[in-house]
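Participant: Dropping a prediction and its sequence here:
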Amino acid sequence: MRVSLIFCHVGVAGMNANRPYGDREGSWIGHGAASVGSSAKAAGYDVDLIDLRQLSGWDHFERLIKEKPSDVYGLSVSAVDHWHAMRAVLVIKRTLPACKVIVGGIHPSIFPGQYDFSAIDSVVQGEGEIAFVDLLKMIEAGQELPKIYRGAKPDLDSIPWVDRELFDYKRELACNFTPDQELPSITMLAGRGCPYRCQYCQPAENAVFGNPYRLRSPENVVAELAYLKGRFHYKSITFWDDTFTFKTKWIQEFCDLYEQAKIGAPIVACSRADIICRNPGMIERLASIGVTWFVIGLESGSQRILDLIKKGTTVDQNIEAAIICKANGIKVFGTFMYGLPTETEDEALATARMIDEIQPEHASPFYFTPIPGTGIYDFCEQRGLILPQTKERTIERTGRFLPTIKGVNYDYLHSLMCGHRKAA
């Protein structure tokens, strides 16, 4: 039985068969799809992947389906790619009406009812490695597929490492995340989920991964890094985990093993201001093994706004964390949200002034965008704040700043991001 995975995440990158190497949004791999594909391969299935980002358009997609038909198609769908996924399903079923279509990912996990169409044979809620293989076995056995199938949580050390070469992996190797990151570069995930309650992500993330936050063993992670070093000869690593530094004991073991393995590649990872402030010794140890950047969601210079979004940090911690990082030679990649609901112009100005005080090596400000399934989306929806066009377009992450909610002076926010620090 032949299986094709469809990578639908074209919300930002778009379809572009001629995209250059180094185009980050269009080239980074999807670890979820690569993990599901790897598990299906390990179960004995013939698996390939169609990356919509690398196609010239929907005619190209239909041609591929006709030239190399599969028995089963699996689509991983996020909120921003819902309509792209639906169009892909229609093309697949129109071309191959007898095939089976299975969808999964964060959006179907939260809103399975939005996928209740006859063209979709089954919806996976939660993690897909075990569930997708279960459904493939049902198809082989001629069983009727359940419309909604809850995925079991796999033991993260027992499933195979992600199959990066389902994608055109040379593209990811050519992508850097931080400005000075050396190429070739790889991305990694050490765990799943997030233990925090930030309302711009939760409870959507827990709809897929649930609680508790789970990590692979440090041995498993370092073993994969060592294998990839021999396979791709990478020179830098980016960990995509939301909070790589959550468990101090795990970090201590990881640092020891990483050092023993003599991998030596500089590391970019995500952390939080409160964790950094509580664990300066851990930060010093991470710096000693080659962590050169921390991505920190500093978000706002207003404590009221930080509390509104349930960030669980303080403005003082934001400032102190940057001081600790810089004292250890770790650069700060700070992310900041402007235009959160109820934010005043004075509060936006406080964020701009906090950026001036912290002086992150890389500042990444962006306009808040409400994402379906999150607490802050519900907050905005209940108050009628979401602009109609926000629901009709994809999330903006690549420097295009477009209004998303009512009651925000976006001209003023633009002036702050251009360096104008006048009081409102």
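Facilitator: Thanks, I have the structure now. Residues are numbered from 1 along each chain as shown.

Participant: going forward, measure contacts and count neighbours with C-alpha atoms only.
Facilitator: Noted.

Participant: Neighbours of Glu224, how many?
Facilitator: 14 (other C-alpha atoms under 10 Å).

Participant: Please apply the same query to Gly32.
Facilitator: Gly32 has 18 neighbouring residues, counting by other C-alpha under 10 Å.

Participant: looking at this, it is in a strand?
Facilitator: No: counting by DSSP: H, G, I helix; E, B strand; the rest coil, Gly32 is located in no strand; its state is helix.

Participant: Do you know the pLDDT at it?
Facilitator: For Gly32, the model assigns a pLDDT of 94.

Participant: residue contacts, the residue nearest the centre of the chain?
Facilitator: The chain has Trp240 as the residue nearest its centroid, 7.0 Å off, counting by C-alpha atoms, centre = their mean. Neighbouring residues of Trp240 by C-alpha atoms under 8 Å, 6 or more residues apart in numbering: Thr187, Met188, Leu189, Ala269, Cys270.

Participant: Same check on Ala85?
Facilitator: Ala85 sits next to Cys8, Leu75, Val77 when contact means C-alpha under 8 Å, 6+ apart.

Participant: Quickly note the distance from Glu25 to Ile6.
Facilitator: Look at Glu25 and Ile6: by C-alpha to C-alpha, to the nearest Å, they are 17 Å apart.

Participant: higher neighbour count, these two?
Facilitator: Shown here are Glu25 and Ile6; by other C-alpha under 10 Å, Ile6 has more neighbours (21 against 18).

Participant: what about the helices in the stretch 251-400 of the chain?
Facilitator: In the stretch 251-400 of the chain, helices defined by DSSP state H, counting those that start in this stretch lie at 273-278, 280-289, 303-308, 315-327, 345-358, 375-382, listed in chain order.

Participant: what's the closest of the ones you listed to Ile110?
Facilitator: Closest to Ile110 of the helices of the stretch 251-400 of the chain is helix 375-382 (C-alpha to C-alpha; 12.6 Å).

Participant: still on that earlier bit, out of the helices of the stretch 251-400 of the chain, which comes closest to Ile92?
Facilitator: Taking C-alpha to C-alpha, helix 375-382 is the member of the helices of the stretch 251-400 of the chain nearest to Ile92, at 31.9 Å.

Participant: what mean pLDDT does the helix or strand following the closest one have?
Facilitator: With elements assigned by DSSP states H and E, the helix or strand that comes after helix 375-382 is helix 410-417. Over the span of helix 410-417, the pLDDT mean works out to 93.

Participant: Flag every buried residue along helix 410-417.
Facilitator: In terms of neighbour count (16 or more other C-alpha atoms under 10 Å), helix 410-417 has its buried residues at Tyr410, Tyr412, Leu413, Leu416.
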